[in-house]
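Asks: Build me a structure from this.
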Amino acid sequence: MLLLLITLTILSGCATLPNQKEEREEEIRRALQEVVQTASERVEATLHSQMTLTMLVPPSSSPLLDQKQIPRLEEHLELWSRQVVAAFRQATIAMPQLLRPYIEALQIADPLAVMQSSDSSATALLVTTHQSEIEGEARVMLEAHLKASSQTWQMLSDRYAIWSRSRNLLGEEMLPRLGPEPTDHLIRIFLSAYLEQLTREELYLRTTPVFQGTGSFYEILNKKVQQ
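Replies: Take a look at the predicted model:
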């Protein structure tokens, strides 16, 4: 009878171990999804507010920045800059909602390995898995927010072209040609800055000290607590 009880206890323990492993993996999986969602909500709406004209104007259109003689050009460049930063602010606020479906659908086959790979592994996995879809949706959203700045840019480039032709009529050298409309350039720098900050926010959440026993994802993913 004692032998039977011991055997049943051993078998029960063997059956419990796989279940505990699955539960642990699911706990880590949820924590990885939650931490990157929280990271997206922590990104400040003012993330791009310090970007200068030199950063916003594409290199192919940088001659615009040198034309001090064109009437009101600087004034309109400043207006364009403010419109772009305002569009970036609106887009930054909208990004957590845009990212949520991709975070929830994130396939994490080996949560433990992903967790241990780095302190920003959830963001890295999200970008690796869904980069093209995220960029596509962000592009549509940004194009809508950038409509006002696009109109201002068209006015700027028209003034620039008129001034250049006028110089030619006076026998002077025409101004350098400007590059294409800067929407693609602006979308690239928005996404680059946003994803870089998203990585930083996940890193912060996962490395900030927490009290052991809280049961939050911060504790689950924090290596110092695990030790």
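Asks: Help me confirm that Thr54 comes into contact with Leu64.
Replies: No. Using CB atoms under 8 Å, Thr54 is not in contact with Leu64; the gap is 10.8 Å. For every residue, glycine as well, the C-beta is placed using N, CA and C.
Asks: which one of those two has more residues nearby?
Replies: Leu64 (24 against 9; other CB atoms under 10 Å).
Asks: and that one, what are its phi and psi?
Replies: Backbone geometry at Leu64, expressed as degrees, to the nearest 10, gives phi -60, psi -40.
Asks: Wait, it touches Val57, no?
Replies: Yes. Counting by CB under 8 Å, Leu64 does reach Val57; the two are 6.2 Å apart.
Asks: any residues in contact with both of the two?
Replies: Contact criterion CB atoms under 8 Å, 6 or more residues apart in numbering; residues shared by Leu64 and Val57: Leu77.
Asks: and stretch 184-199, average pLDDT?
Replies: Taken as a whole, stretch 184-199 has a mean pLDDT of 97.
Asks: buried set for that stretch?
Replies: Within stretch 184-199, the residues that qualify as buried are His185, Leu186, Ile187, Ile189, Phe190, Leu191, Ala193, Tyr194, Leu195, Gln197, Leu198, Thr199, counting by 16 or more other CB atoms under 10 Å.
Asks: With stretch 72-88 instead?
Replies: Quick answer for stretch 72-88 (16+ other CB under 10 Å): Leu73, His76, Leu77, Leu79, Trp80, Ser81, Gln83, Val84, Val85, Ala86, Ala87, Phe88.
Asks: Contact partners for Ala105?
Replies: Counted by CB under 8 Å, 6+ apart, Ala105 has contacts His130.
Asks: Now do Ala15, the pLDDT please.
Replies: 46.
Asks: please begin residue numbering at 278 from this point
Replies: Shifting the count to begin at 278 puts that one at Ala292.
Asks: Pretty sure Thr406 sits against Ile385.
Replies: No. Using CB under 8 Å, Thr406 is not in contact with Ile385, being 9.4 Å away.
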